[in-house]
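Undergrad: output the structure for:
(4 chains)
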Protein chains: 4
Amino acid sequence: MATIRTESDTKHTATVRLNVGGTIFQTTWATLKGVKGSRLCDLDTTSAEWRPEQDEYFFDRDPAVFTYILAFWRTGELHLPGYLCASAIQRELQYWGVSETLVWDCCWKHLYKEGQLQRMKRELREVFADHCPSYYEALRARFRGRRMEAVRWTLWTTLEKPDYSSASRMWFTLYISLVVLSTASLFLQTLPSLRTPIPRQLLMDSGIYDNGTGDCFFPLVSRRMRLSSPKLILLMTTRPQAWLMYVAVVCLVVFTADFVLRLAVTRDRREFCRQWLNWVDVLVMLAEWLGFISTFNCTDHTALGRIGELCRLLSYFRFFRFYRLFWKSDELRLLKLCLKNCQRELVMLIFLAVAASAGFAILVYVMEIGEPLSFQDLPLAMWWAIITLTSVGYGDVTPSSYQGRFVSGMCAISGMLLVALPVAVIATNFGEYHALYREMLALMQRQTADLNRLGTKQERKFKLGGIFVKNKVASLKKW
Amino acid sequence: MATIRTESDTKHTATVRLNVGGTIFQTTWATLKGVKGSRLCDLDTTSAEWRPEQDEYFFDRDPAVFTYILAFWRTGELHLPGYLCASAIQRELQYWGVSETLVWDCCWKHLYKEGQLQRMKRELREVFADHCPSYYEALRARFRGRRMEAVRWTLWTTLEKPDYSSASRMWFTLYISLVVLSTASLFLQTLPSLRTPIPRQLLMDSGIYDNGTGDCFFPLVSRRMRLSSPKLILLMTTRPQAWLMYVAVVCLVVFTADFVLRLAVTRDRREFCRQWLNWVDVLVMLAEWLGFISTFNCTDHTALGRIGELCRLLSYFRFFRFYRLFWKSDELRLLKLCLKNCQRELVMLIFLAVAASAGFAILVYVMEIGEPLSFQDLPLAMWWAIITLTSVGYGDVTPSSYQGRFVSGMCAISGMLLVALPVAVIATNFGEYHALYREMLALMQRQTADLNRLGTKQERKFKLGGIFVKNKVASLKKW
Amino acid sequence: MATIRTESDTKHTATVRLNVGGTIFQTTWATLKGVKGSRLCDLDTTSAEWRPEQDEYFFDRDPAVFTYILAFWRTGELHLPGYLCASAIQRELQYWGVSETLVWDCCWKHLYKEGQLQRMKRELREVFADHCPSYYEALRARFRGRRMEAVRWTLWTTLEKPDYSSASRMWFTLYISLVVLSTASLFLQTLPSLRTPIPRQLLMDSGIYDNGTGDCFFPLVSRRMRLSSPKLILLMTTRPQAWLMYVAVVCLVVFTADFVLRLAVTRDRREFCRQWLNWVDVLVMLAEWLGFISTFNCTDHTALGRIGELCRLLSYFRFFRFYRLFWKSDELRLLKLCLKNCQRELVMLIFLAVAASAGFAILVYVMEIGEPLSFQDLPLAMWWAIITLTSVGYGDVTPSSYQGRFVSGMCAISGMLLVALPVAVIATNFGEYHALYREMLALMQRQTADLNRLGTKQERKFKLGGIFVKNKVASLKKW
Amino acid sequence: MATIRTESDTKHTATVRLNVGGTIFQTTWATLKGVKGSRLCDLDTTSAEWRPEQDEYFFDRDPAVFTYILAFWRTGELHLPGYLCASAIQRELQYWGVSETLVWDCCWKHLYKEGQLQRMKRELREVFADHCPSYYEALRARFRGRRMEAVRWTLWTTLEKPDYSSASRMWFTLYISLVVLSTASLFLQTLPSLRTPIPRQLLMDSGIYDNGTGDCFFPLVSRRMRLSSPKLILLMTTRPQAWLMYVAVVCLVVFTADFVLRLAVTRDRREFCRQWLNWVDVLVMLAEWLGFISTFNCTDHTALGRIGELCRLLSYFRFFRFYRLFWKSDELRLLKLCLKNCQRELVMLIFLAVAASAGFAILVYVMEIGEPLSFQDLPLAMWWAIITLTSVGYGDVTPSSYQGRFVSGMCAISGMLLVALPVAVIATNFGEYHALYREMLALMQRQTADLNRLGTKQERKFKLGGIFVKNKVASLKKW
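TA: Reported below is the predicted structural model:
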């Protein structure tokens, strides 16, 4: 019948009726044939969709999206409605055989944003994989068949997965408390009032103190370096009070035990080695042990003694153990994810800060070349520029001529802008991740609750609002 | 007839017509039966919706949402339109027997946001309950049957509800003025020029001043502590000028009267005790009274005198009476609500500040170990790091080596980021509460105006735009 | 026929067909009658909308909005679509006789936002009234019938309306240049190197300098005040170099002429008096004149000489003439409008700053009570707190004990929050006004272009896209 | 037939049926004729759209937009749906003969925003033209027909287009490394420890050092200026260590070669001259060469020697070579584009900063007039005000009276606002450009991938989702 129409080819008889899910669309054959290919161009009376008694083609699809697809045939431009989520639109485009590439530039934003959201959700799912109910089941499976399977599993989760059980939560709290204690002892042992002097004779024996000149020395491999900094002299000629040492030793013993146990029960040695936090652990641990040994044994400046000095310095980085909080705190993990995503902006921030500060440093140095007291050299001017750009403004270096002050004012105002722009982009990005994280957390909690309420697979069939949809339940199970 | 169709099972006869509120939807029986359960699966000629003469099923529902629900049957994915508010969609989902759980992840955002908005509105309604016209009626009811009901009610509202009447507004203004006066007198009495010396003989008698050595002492329980701080010596050997004391005493008398009256007329003693602001009131009041007594009576260092010293210090916290402004200022209440909601972000902010400053402190201490004058110990370095991270930059502690300055620049730039990110999240949250608060305030004002215009229940029936809807009027009455 | 249906009262015959603009809606009489009043409840065969041959009621209205209105009959909840602008919806609600009050809370946001936008647009139209093409015509009308109408109009617009003509633009540029010059001369004349000493004898004669003691005095009414500040001595014993004075005098003459002329040609004296900027002009002008007279005549300390001193100080505020830029700069006018709108937030910002700084001041004062050098009194501590909260951090007052530093760190972090929250709200508000301003400016430019293109009223009838709409053209003419 | 209807003029027969793409719209002839002109007013039975058998007018257009256009006939107000992108709406408005000018003010926002987006996209396309696949082809064409075409092209792209080939990427990396090296050598050569003294005799010969008085002099044209600044004395009496000089010379040689080559192979000398970066290159290059020559030849203070001093100062601006990074970094180009777009806001920021600081300077100067040590003159007070407003707060100038501190606190709080508002607008603008840039980059990458996948024009016909649309493919080829 469509062919008969095409023969006669009068304008109104060339009309074609499309029944899409009950809604009638009418257009001309000319419109439909104007664009080659796709599902709509090949329609004729032999099509499966042809319904002769109504003289129409019936498609069991959503009419709301089809309007926009038909408008593409009519006008050659493919626009999308803003209220429908992009994945629903993509599904319809696929059905009607229209390539996504044909979407007009102004509407491509919808598809792009959906893609971005998908990417961000994927990243969040990866980072917060442990919030998924089936996460621990999957991990548990990898322990099967090992010796002392249950013990290893219990120990491993207790030591490495702070959210797994109440035991692991307690252990994690204890661990962090010990890190705080150990860091606090480190901070306190630099206070002169909490240090006791090492006996003068011991110092003279080890070559640190020279009785004749009253100078202090740092024992190097073959010669001695005279110390001029009172801080170094204090560190070399005194030792922390005993109770501070005991606190540090107790903490260290626990940390060592923790590390050894974790290494022993790990499911995969290679993975264990790949975590840089473990290497930090090893280094700081070794440094601390060597430091302790040398502290109680500093009478000679043998190799051990000299390494001991270095180790005591290295052991200051015991603070890095704090970063294990990134295992647990969702906010910190979000921060890490966001910064990883904003690398380009971070590089821009640092580049802008460095380039602008170098420029302002040279400007102010030239401007203040005649001033006797300020900006002795260019690196100092750059230090001043950085501190001004970030609006910290210590005031240890300030311009003293009016031309220098003019440059300084410009620097302060530029600082507001140059720093604010990348920070605003990063903050926006963080805000997006944060909002999405909250949304996904709520979704996951609701899904877990739903799954628990539904019970077994058999029961779900009748409970899930009367409808059982396979792939939806599958998505409920994974995060 | 549907069964006859199923028998023949030719494609086009299997079509089913759904008339939803006048709009015709057509689909196949195969599509409808593909998903079990729900209102649409059980349709047959015995259904109440069956209309044989049109050969269709008639539902008296909104066709706009039904499109998306039918699309779920067609494609197995439940997407929602973005332009309709979630509660309207939820109502339709319920009618058609489709569980909310089945909504696809990309569209779940709508439901989530609606839930968040509902939660925020609930919180705002709770916090600003006193803006509701019926708030005071409900409170009034709880005073019924007490002795001197009217007097108590009048006094209570005047003293505790600054928005109730013009009397209470006046009292609140007076109260806040007195707090300002009392705080101002506190600030002024620390100025040396507004203090008069206590006679030397009195000081010697009370053991504060030792004529022989010229030292000042703080009288402790069994011995005397020599004072080295000029501030403490000033506070011990002088007293504020008389007029400052009179101002403070007058304020205190009023505050005491206010407290006693409020305690006397309170509707519920237990609730009164639960408010921490009342405890602050008691403590500060006691401290002030004891302080005054000991000031005019400082000739001996008996127990009272010594407690007096402590009390005078405690009485400095009279400033906390300012926080009664939280009773009245909507902006402050919003701030409190927002901070309560952003506890996780606040913890993150403080943790980041502390952790980053500890890290930078250790780094800079190690870098500047050879410098004689800067960063004497680690706590000092941490103080420096906090002041740099928040971009305050006092400049009392600054690095003096180039490696230290490099760390310092990194610290200043990180500070921008680490502090900006949580603050941005909190500021966004505050902005949302603020916008919602303004919206709800406008809604409430309009609703109150509507109610007043409508008059009695009988009159409303004919006036409310010609339509009287019961539950809407109910919602008008409550906030 | 509707009545016949109601008699039979079988379910499907009770259906009613509503043809709204060609789209068919079907519902039951029960649904329609369930809600009393309004256009839909009173339908029967006598209605004008009744079309017997189709057995339906025909309304010539938009079907898109009617869906939501009918949904209200069906469910008792009135929700609105988010994609349609609120004023279009309000028009439809009015037609169907549904009160706006019945809109559900969740959808009331649309109406509220539209109301806000309307208010903001009204404010912007008022503030930027002079951008409207007919603005000057309206002003011109008010000058009609005065003596020397044309001269007054030309002078008035030249002096007071910087955007009116090229003459007024030139005058405004000149005026602002003179303000810059006059302010620059003020700044320069405080530099010691640009001042010449007044002859010693003159100073002695006027009693400013006492030869015996070498002291300087400020001449008061009946006695002399000895000056201790070197700045005051400099100001009293020297005068600016002659060329600086000449510059200032020339500027002053121009400003005086401008003021006198503006006063002479003003269209309305009362309006002229109501502008505070004119009063500032008068005051500064008088102060400058008196200052000059006394400068060239300072040999005696008569009343004039003494007033002269005061006047020279007052004349420093000549800088306020800058604020005439608010007449011209759209950005500054936007800023003024935004700040006027954010008064509550500004009060909150200042209150938070003051309250928090008072609290931290007391805390740090108590903490540092034993330190000899820092925080001598509470007002000083409050100064420190303000400077820390705003993250300025001069460093002139810093804590020196660790408990004080802890409070200080808390103060710095709170500062970030307490200041950031109101500032963020104000910045958002400013951003909204700014975006709306840009949008309206573009609209106005396009409308002016349209009007010009259309020519006379007669021509418009055929040109305006083939359609002539009366009220639209009216809106084109006004801003 | 329409005329017959108009004759009878009974209400329901005056109804007109419009079939727009299959959807039926009904309205009265009175409504249609009420607005003159346009496609709908001229309908009668002679229209091409008239279909007698259905008694309707058929238009092969999108019914979704037509609803809003018909609502304009019905109510006289033209509102637009928010969910459809403005360009699609504009197309329909054009078809129906409705002028855009008639769009109601509340809906004009959509059209405005689309216009803004189009402008921003155009700007981005211009700035990032080199991301387009056909960019280099177009450039290549302009080299055709020159001598040594291939060599010139290869050299030119290698030197000027860092993204073209791996050779140009390597060269660019090398160039930037050398800039870093050269800048580092500049910074280092100002350190006293890296400078060697010039032999005393040489200094005496050249008149820089006077043996008798021990003073240093700067050789001017006819006389000598005595140097008082130790920085200048250092620069005059020492020279950088040899290795620093060698580094600088090597860098300079490379930069010179680069410049000469670029000048030689440039496709268009005039364009080369128009780039200000090339002029910076020339100036800095000349300054460096002259500086070097004079450094190795400073025994006399001939003209060359004296120019040499100036040149050495000028050569400090070699740092500007860094700005070639703007060629490559997309983020920097975005920043430039954004700042160019926000000129009005930048002017506002600077004006606000200057005006507010001048105002606060005068205020604080008057307040602190009696203080001996602070705010010696007004320019110093203005310097303080700028540093306080930007919250830098060096602390080198601080108020010392309480009235001055009050002004200072106000200044600090105003600073937060006055600076935050324009910065927020600029940051928002930057964020928009940044988001749009990311979106367009993703679009371009997808389009390039699509084009590559499609192969030749012939193949595209069958591959592009079955549909070949000419203008879309055209848009794929250009950026």
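Undergrad: now chain A, which segments are flagged as low pLDDT?
TA: Scanning chain A for pLDDT under 70 picks out A:1-13, A:34-38, A:133, A:218-224, A:295-309, A:453-479.
Undergrad: between helix B:402-454 and the biggest helix by length in it, find me the angle.
TA: Across chain A, the longest stretch assigned as helix under DSSP state H is helix A:402-454. Interaxial angle, helix A:402-454 versus helix B:402-454 (axes from the mean of the first three to the mean of the last three Cα atoms, to 10 degrees): 60 degrees.
Undergrad: and helix A:402-454 with chain D, contact?
TA: Yes: residues of helix A:402-454 contacting chain D under Cβ under 8 Å from any Cβ of the partner chain: A:402, A:405, A:408-409, A:412-413, A:415-417, A:420-422, A:424-425, A:428. For every residue, glycine as well, the C-beta is placed using N, CA and C.
Undergrad: would you point out which residue is most central in chain A?
TA: A:Leu337 (1.4 Å; Cα atoms, centre = their mean).
Undergrad: any idea how far A:Glu123 is from that one?
TA: 6 Å (Cβ to Cβ, to the nearest Å).
Undergrad: just to revisit the earlier point, what residues of the helix or strand encompassing the residue nearest to the centre of chain A count as buried?
TA: Taking DSSP states H and E as the criterion, A:Leu337 maps to helix A:330-341. For helix A:330-341, burial by neighbour count (16 or more other Cβ atoms under 10 Å in any protein chain shown) applies to A:330-335, A:337-339, A:341.
Undergrad: same question for stretch A:102-115.
TA: For stretch A:102-115, by 16+ other Cβ under 10 Å, it's A:102-112, A:114.
Undergrad: quickly check: it near chain D or not.
TA: Yes: for stretch A:102-115 and chain D, the contact criterion (Cβ under 8 Å from any Cβ) is met by A:102, A:104-109, A:112, A:115.
Undergrad: related to what we said a few turns ago, name the helices or strands packed onto the helix or strand following the helix holding A:Leu337?
TA: Moving toward the C-terminus from helix A:330-341, the first helix or strand encountered (DSSP H and E) is helix A:343-367. For helix A:343-367, the elements it packs on are helix A:378-389, helix A:402-454, helix B:402-454, helix D:166-188, helix D:330-341, judged by 3 or more Cβ pairs under 8 Å, 6 or more residues apart in numbering or on different chains; DSSP states H and E.
Undergrad: winner for burial among these?
TA: helix A:378-389 (a mean of 26; mean count of other Cβ atoms under 10 Å in any protein chain shown).
Undergrad: picking that back up, show the contacting residues for the residue nearest to the centre of chain A.
TA: A:123-124, A:127, A:433 (Cβ atoms under 8 Å, 6 or more residues apart in numbering or on different chains).
Undergrad: do stretch A:435-452 and chain B meet at all?
TA: Yes: against chain B, stretch A:435-452 shows contacts by Cβ under 8 Å from any Cβ at A:439, A:442-443, A:446-447, A:450.
Undergrad: how near is A:Thr46 to B:Ser185?
TA: Distance from A:Thr46 to B:Ser185, by Cβ to Cβ: 99 Å.
Undergrad: residue contacts, whichever residue of the stretch 101-250 of chain A sits closest to chain C?
TA: Closest approach of the stretch 101-250 of chain A to chain C (Cβ to the nearest Cβ) occurs at A:Leu191, with a separation of 9.7 Å. A:Leu191 is in contact with B:377, B:379, counting by Cβ under 8 Å, 6+ apart.
Undergrad: how does it look with 6 Å?
TA: B:Asp377 (Cβ atoms under 6 Å, 6 or more residues apart in numbering or on different chains).
Undergrad: before we move on, back to that, how about the residues of stretch A:102-115 next to chain D in CSV, adding distance to C:Pro162 and secondary structure?
TA: Formatted as CSV, those follow (distance: Cβ to Cβ, whole Å; DSSP: H, G, I helix; E, B strand; the rest coil):
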residue, distance to C:Pro162, secondary structure
A:Leu102, 52, helix
A:Trp104, 45, coil
A:Asp105, 42, helix
A:Cys106, 40, helix
A:Cys107, 44, helix
A:Trp108, 45, helix
A:Lys109, 41, helix
A:Tyr112, 45, helix
A:Gly115, 50, helix
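Undergrad: those residues: which ones sit near chain B?
TA: When Cβ under 6 Å from any Cβ of the partner chain is applied, no member of the residues of stretch A:102-115 next to chain D is adjacent to chain B.
Undergrad: enumerate the residues of chain A near chain C.
TA: Residues of chain A lying near chain C (Cβ under 6 Å from any Cβ): A:Gly395.
Undergrad: where exactly do the strands run in chain A?
TA: Using DSSP state E, the strands of chain A run over A:15-20, A:23-28, A:50-51, A:56-59, A:195-197, A:217-219, A:224-226, A:238-240.
Undergrad: mind checking which of those strands is nearest C:Trp383?
TA: strand A:195-197 (37.0 Å; Cβ to Cβ).
Undergrad: now tell me what touches the closest one from outside.
TA: With Cβ under 6 Å, 6+ apart, strand A:195-197 has contacts from A:238, A:240-241.
Undergrad: and A:Thr183, how close does it get to A:Ser315?
TA: 11 Å.
Undergrad: list the residues that contact A:Lys231.
TA: Contacts of A:Lys231 (Cβ under 6 Å, 6+ apart): B:Ile369.
Undergrad: same question but for A:Phe272, I mixed them up
TA: A:Thr266 are the contacts of A:Phe272 under Cβ under 6 Å, 6+ apart.
Undergrad: ok, A:Ser357 next?
TA: A:382, A:385-386, A:389.
Undergrad: can you tell me which of those residues is nearest C:Val347?
TA: Out of these, the member with the shortest distance to C:Val347 (by Cβ to Cβ) is A:Leu389, at 32.7 Å.
Undergrad: which non-adjacent residue is nearest the closest one?
TA: Once flanking residues are discounted, A:Leu389 sits nearest to A:Gly415: 3.6 Å by Cβ to Cβ, 6 or more residues apart in numbering or on different chains.
Undergrad: thinking that neighbour is in contact with A:Val392, fair?
TA: No: A:Gly415 lies out of contact with A:Val392 (Cβ atoms under 6 Å); the separation is 9.6 Å.
Undergrad: which residues of the stretch 201-350 of chain A lie near chain D?
TA: A:Met348.
Undergrad: and with 8 Å instead?
TA: So far as Cβ under 8 Å from any Cβ goes, the stretch 201-350 of chain A lies against chain D at A:344-345, A:347-348.
Undergrad: no more questions from me, cheers.
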